Each structure stands twice: as C-alpha cells, then as structure tokens.
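Peer 1: Build the 3D model from these lines:
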Amino acid sequence: MEKILFGVAKQWIAGNTIDEALVTAQNSYKNGMSVIINKLGEYHTSKNQIENTISEYHTIMASFRKWKVNGAISVKPTQIGLMKSKKKCLNNFEILIRAATKSQTFVWLDMESSDHTDETIQIYENLLARYERLGIAIQANLMRSEGDLADLLSMGGKIRLVKGAYRENSNISFKSKQKVDQNYLRLMKILFENANEFGIATHDGIMIDRATELAKKNEKKFEFQMLRGIRDELKPILIKKGFSLSEYIPYGTNWLPYSIRRLKERKRNILLLGSSFISHQKMR
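Peer 2: Numbering: from 1, shown residues only. The predicted model follows:
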C-alpha cells in the first residue's frame, strides 16, 4: 500500500534528498516559476532532528544562487524547536534568518494546527521587526483569521493565504467547503485592498479566477502559489498572462503523513489529484 501511495505522492513530492528538490526547483524555474522548498517533517523533539533540519535549510538557501533558482524556503515551527519551547524555536529561526539575509532568500513560516497559531504569529511578529523578507501563512478555515490578518497587515506582514489542511474543532473553524470558500474570498479581497505583498495559495479555479479579477482593480505585488505537479495545465496560462507563480516543492522521507493530510483536507483534493495525474501522464 505504501508503494502504491508513493507512486501517487511522487507527483508532488520532489524526492528524498536536497539535490532532488533542487533539480525539481531548477526545472520549475526554467518554466518561468519561482519556487518554495519545504523539508517534510514536523513535531521534532530530538536535538539531532532539529539541527539536521536547520542544516538542510542552510544548504538549500546557499544553493539557490549556484543552481540559478529564484527560491524561498517554507519552515514549520514545530520542526525547528517549537515542541521544546517558543524561545528555542525563535532562536532557531534567527539562525535561519541570518543565513537568509546573506543569500537574499525569502522565508515563509508555515502555519500548523490551531494549537500553535498564537505562538507562530508571535514568533513572526518578533522576526518581522528585524527581517523584511519574511511571510506567514493564514488559514481561511479558521474563524479567527480575519482578525489575525488585520493585525498582521497593520505591521506590514506578508501573507500566504491558504484554505487550511488541519482538522479543527467546529467551534473555531468553518467545516463546510462553502463557508471555507466564502472566508477565503473575503480574506483575499482584504489582501488585494490592503496588503502590499502576498501569496494566493490555491488550486481552486474559482478562487484563481476571482484573484485575477481583483488584480485588474488593484495593482498589487502578489503571486499565485501551487503545489508541484498540481494544475500543471493552468500554470503556463497564468504565467503567459503575466502573473507571478511559485511552485511549492516538498521533499524528504516524511512524505506519507503529509500526503495523507493533503488528501484528507478536502474531498475535492482527491478529484483534483486524479485529474492532475491524468493530465501529467498525457503531457509526458
């Protein structure tokens, strides 16, 4: 079963190693896209796990110029120390930020389950005061996100708007696709009206069409962000229209829990994955 799942997951997972991620990133860049590389893994508690993760992100950032790629990294707080303490995680982010400053790499803070939302935002606010090329994900499935977005924009935060991949309690999150989509559209409108630099991270054609409409009315610096291997038929169309697009490239041996979460996130993801898989096979 694991081999079967990997046969599907490798559509969006670059591979196990840094070099595989960078080769994938180079191909994306040649096709007119920037890249966001994420090392898979979360909830690390061992010192070795945390240090190895930081080391790999160092290597990726140092390699972008050598590999001639316009790239960013996306880091989950729980993979670099948040399970130890917020202070430990902040210190480790500061290590990454110093390396990012040297290589002029953009750093995204990934948002995880709602258990860590407050701490992640606090870490981001602390770092943003010292490093400008820094962004944070906001999840449209959480009821609190409109307030969080207003606070973050007031301090010049850079936002990646996602729907949200974690199962949350119904008293803090929208459960139906309709309500999540409505909130995504509401938050996206706020970004186009008030933000200066942001990412629209979605594969949903309705959201993408609405974003292109809002872009005509509001000239903003933004990019679409999509997973590697998903909506490959749409990406060149958006690029040809003049939109910036980044391909999100996960890599690493912890592909199974990530892939299962992506499929469980929404029923539509399974249909989208199937159509993208068929489209990918036709393009080969």
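
Peer 1: looking at this, Val35 is in a helix?
Peer 2: No: counting by DSSP: H, G, I helix; E, B strand; the rest coil, Val35 is not part of a helix but strand.

Peer 1: if I pick it, what's in contact with it?
Peer 2: Shown here is Val35, whose contacts under the criterion CB atoms under 8 Å, 6 or more residues apart in numbering are 24-25, 28-29, 69-72, 246-249. Where you see a C-beta, it was placed from the backbone N, CA and C, and this is true even at glycine.

Peer 1: again, but for Ala150
Peer 2: Applying CB under 8 Å, 6+ apart, one finds that Ala150 lies in contact with Ile190.

Peer 1: That one should be in a strand, yeah?
Peer 2: No: applying three-state DSSP, one finds Ala150 to be helix, outside a strand.

Peer 1: Not including adjacent chain positions, what is the nearest residue to Gly135?
Peer 2: The shortest distance from Gly135 to any residue other than its chain neighbours is 3.8 Å, reached at Lys158 (CB to CB, 6 or more residues apart in numbering).

Peer 1: Kindly provide the distance from Phe64 to Met207.
Peer 2: Counting by CB to CB, to the nearest Å, the gap from Phe64 to Met207 is 29 Å.

Peer 1: Ala72 falls within a strand, correct?
Peer 2: Yes: the assignment for Ala72 is a strand, going by three-state DSSP.

Peer 1: so it touches Ser28, yeah?
Peer 2: No: at 12.0 Å, Ala72 does not count as touching Ser28 under the criterion of CB atoms under 8 Å.

Peer 1: shared neighbours of these two, anything?
Peer 2: Shared contacts of Ala72 and Ser28, counting by CB under 8 Å, 6+ apart, come down to 34-35.

Peer 1: next one: phi and psi at the residue nearest to Gly135?
Peer 2: Note on Lys158: its backbone torsions stand at phi -110, psi 130 [degrees, to the nearest 10].

Peer 1: Wait, it touches Phe198, no?
Peer 2: Yes: proximity of Lys158 to Phe198 meets the contact threshold set by CB under 8 Å, at 6.2 Å.

Peer 1: just the helices in the stretch 1-150 of the chain please.
Peer 2: In the stretch 1-150 of the chain, the helices defined using DSSP state H, counting those that start in this stretch lie at 2-9, 18-30, 47-66, 86-103, 117-128, 145-154.

Peer 1: tell me the mean pLDDT over the last one?
Peer 2: The average pLDDT within helix 145-154 is 98.

Peer 1: Can I get it in PDB? Just the C-alpha atoms.
Peer 2: What follows is helix 145-154 as a C-alpha-only set of coordinates in PDB (Å, rounded to 0.1, in the frame of the first residue of the first chain):
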ATOM      1  CA  SER A 145      -8.100  34.500  10.700                       C
ATOM      2  CA  GLU A 146      -9.800  37.800   9.700                       C
ATOM      3  CA  GLY A 147      -8.700  39.300  13.000                       C
ATOM      4  CA  ASP A 148      -5.200  37.900  12.600                       C
ATOM      5  CA  LEU A 149      -5.000  39.200   9.100                       C
ATOM      6  CA  ALA A 150      -5.900  42.700  10.200                       C
ATOM      7  CA  ASP A 151      -3.300  42.700  12.900                       C
ATOM      8  CA  LEU A 152      -0.600  41.300  10.700                       C
ATOM      9  CA  LEU A 153      -1.300  43.800   7.900                       C
ATOM     10  CA  SER A 154      -1.100  46.700  10.300                       C
END
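
Peer 1: Tell me what angle that helix forms with helix 117-128.
Peer 2: Between the direction of helix 145-154 and that of helix 117-128, the angle (axes from the mean of the first three to the mean of the last three CA atoms, to 10 degrees) works out to 10 degrees.

Peer 1: buried stuff in helix 145-154?
Peer 2: The neighbour-count check on helix 145-154 (16 or more other CB atoms under 10 Å) flags 145, 148-149, 152-153 as buried.
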